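J.: Let me see the structure of the following:
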Amino acid sequence: MVSVSDFVIQRVREWGVTRVFAFPGDGIGEFDGALGKAEREGEGLKYVRPTHEEICSLMATAHAKFTGEVGVCVATSSPGAFHLLNGLYDAKSDNQPVVAIIGQQGLPSLGTFTQQENNLERTLADVAVYVQTVVSPKQVQAVVDTAFRTARVRLGPAVIILPHDVQGMEMEELTPENWVSRSSAVAPSTSIVPPQSEIMKAAAIINAGSKVTFLVGHGSNGATDEVLEAARLAGAGLITALRAKQVIPSDIPHHSQQLGLLGTRPSMHQMNDCDTLVFLGTNYPYSQFLPASGQARAIQVDLKPEQMGLRYPTELNIWGDVKATLTALIPHLEAKADLSWQENVAKEMVEWENEMEAQAMLSYQDGVNPRRVYHELNKRLPPQAIVTADAGTTVDWYGHHIRFRRGMMGDLSGRLASMLAAMPYAVAAKFAYPERSVICTIGDGAFQMLGMNELITIKKYMQEWDNPQLIIMVLHNDDLTQVSWEMRTEDANPVWETSQDVESVDYAGWAELLGFQGIRVKSDDDVAAAWDSAFAHRGVTLIDAYTSRSVPPLPPHITLEFAKNTAKALLKKDPFAKGVIRDSAEALLSEGTERVKGTLHIGQDKKDD
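T.: Next up is the predicted model:
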């Protein structure tokens, strides 16, 4: 007998899925049993079981981000389903195709308030682009196919709910009859090209501009060459959204990296001065950093029509794939003769990178300079490396100091679960690319949330990886540092130790307990050697970096509100006021010194020494 569960497994394979991130339970028990049978028969799916259902969904989202495939997670009924929510919202917010297969109590229990029977369709309706409970074997084919197709086209999570008794029902042959859909496991193409008339409008707008900027998002993955060629012709400066660092190589001189609080001064200047702005595969959410209304003519290219024209009043919205659209657009772009706009971006980036290096070389009294840790990592990134980060101050240093070359990858949760995602993302990346070096950069607060337990997952599966090198770097400062700075700069509140302190743990010792290499870094002078040792080790290394909690994550432009709020917070008996004032003064002095040196061209041309 072929059961509904047997059919679902085979259908998932037909959709090109080879790996699921799953956690078992009685609500999904029949399906789990079918997975075990399929594995024994050599026709199963690779079953990766981390330590928590939330990690399953985060890993499925990360798999989609790193591979472009549909990520799949599996969990039991109500408790497991609820735990999946954060990772599914991660997929929704970052526009990633994920399918969740969730158990449910038997059909007769629905609506009877029995144990673990909850209205999962209602619970998941907000997060899912499609959610459906299977109540009949004749329905399951259409539900599975619709879930995968919808996740791919609408770029979000879809949910299949399988009641326990339906999981074990005999699968029926589908014949032509009323109410029964016979569907196909064929993925629709998303290489959408807009009409020629829209292409010509876009070309005319770009050709008319003299200060053109491309804001490039994760939706431009796979279109690197097309973006670079279009920028060459348009004389455009390039800015990447944080999740798109990997799209544009860092050695492109007119690539000014990120925008906003985690961005660069050259990016800020581009936004202040551009007369034409082209959004490519991005729903950049921080509109306060975009040009003033009416300053720039704007175009947006995206596969999510509902997200176009939201952040800035665009003149033209193009529903299309970035790669396909630029391929059609490039023949109509006129090569700019005046490249002064691009050249100025490149000049400012040299000055900015000098500032970042100077900031990294500062020493602080209460711990290692976290910027130094990222600066030294960046110098040593091997070809094809993958780097992940969480949403603490790690993301500041990741944005300011990590520079990807072609072939490298990096990601984080863009808008929701990012404090939790660094470790699940790193482990998922290792499953997707077992031959590559993966580096997880994570704060101690995030590491205590979803990091420490995942060392157990790594220990369980690392023997399957062609290259077992995985490096976890923990910024160990016993503080929820990003939130501490947000309390000061956004709300003018002093740090409240009751909420902000993180219990100190010997993270390197925990790694050593599991058989991994642990390295403790307590001096700036030890940072480079720690990274050298980690990259020389063919295995798992945890770098426990005892860093300062007072290093300011300075934005490229310090607003009056930022300065006033910070001053007010420090005057309200902030427990770390002395260190913050001292370290901020040193950082600002270094920043100002480098800016003056850049203006005077000091140290930029050794031939003139």
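J.: gap between the residue nearest to the spatial centre of the chain and residue 486?
T.: For the chain, the residue nearest the mean C-alpha position is residue 412 (2.5 Å; C-alpha atoms, centre = their mean). Computed as C-beta to C-beta, to the nearest Å, the residue 412 to residue 486 distance reads 17 Å. From N, CA and C alone the C-beta is placed, and that goes for glycine too.
J.: shaky segments in this structure?
T.: Within the chain, the ranges that satisfy pLDDT under 70 run 414-419, 483-485, 487-489, 491, 495-499, 554, 557-609.
J.: could you redo the last one with a cut-off of 50?
T.: 417, 588-589, 592-609 (pLDDT under 50).
J.: Provide the secondary structure category for the residue lying farthest from the centre of the chain.
T.: Most distant residue from the mean C-alpha position of the chain: residue 177, 45.2 Å away (C-alpha atoms, centre = their mean). Assigned with DSSP: H, G, I helix; E, B strand; the rest coil, residue 177 falls in the coil class.
J.: Need phi/psi at it.
T.: phi -160, psi 160 (degrees, to the nearest 10).
J.: Could I get the full set of helices for the stretch 1-150 of the chain?
T.: Ranges of helices in the stretch 1-150 of the chain, per DSSP state H, counting those that start in this stretch, are 4-14, 29-40, 53-67, 78-93, 120-124, 137-154.
J.: Give me whichever of the ones you listed is most buried.
T.: With neighbours defined as mean count of other C-beta atoms under 10 Å, the helices of the stretch 1-150 of the chain peak in mean count at helix 53-67, which reaches a mean of 29.
J.: Check which helices and strands that helix sits against.
T.: strand 19-22, strand 71-75, helix 78-93, strand 98-104, strand 409-411, helix 418-432, helix 444-450 (3 or more C-beta pairs under 8 Å, 6 or more residues apart in numbering; DSSP states H and E).
J.: Out of these, which is closest to residue 309?
T.: helix 78-93 (18.9 Å; C-beta to C-beta).
J.: Contacts only, for the closest residue to residue 259 other than its chain neighbours.
T.: Ranked by C-beta to C-beta, 6 or more residues apart in numbering and with sequence neighbours excluded, the top spatial neighbour of residue 259 is residue 267, at 4.4 Å. Applying C-beta atoms under 8 Å, 6 or more residues apart in numbering to residue 267 gives the contacts 239, 256-260, 556.
J.: do that again at 10 Å, thanks
T.: 213, 215, 237-240, 255-260, 289, 345, 348-349, 352, 556 (C-beta atoms under 10 Å, 6 or more residues apart in numbering).
J.: Over to residue 399?
T.: 240, 242, 245, 257-264, 374, 389, 412, 553.
J.: Where does it fall, secondary structure wise?
T.: Using DSSP states H and E, residue 399 sits in helix 393-401.
J.: Helices of the stretch 401-550 of the chain, start to end?
T.: For the stretch 401-550 of the chain, applying DSSP H, counting those that start in this stretch gives helices covering 418-432, 444-450, 454-461, 481-491, 497-500, 507-513, 527-536.
J.: Could you save those helices as a markdown table and add columns showing distance to residue 328?
T.: Converted to a markdown table, the helices of the stretch 401-550 of the chain look like this (distance: least, C-beta to C-beta, whole Å):
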| stretch | distance to residue 328 |
| --- | --- |
| helix 418-432 | 31 |
| helix 444-450 | 42 |
| helix 454-461 | 43 |
| helix 481-491 | 42 |
| helix 497-500 | 52 |
| helix 507-513 | 51 |
| helix 527-536 | 43 |
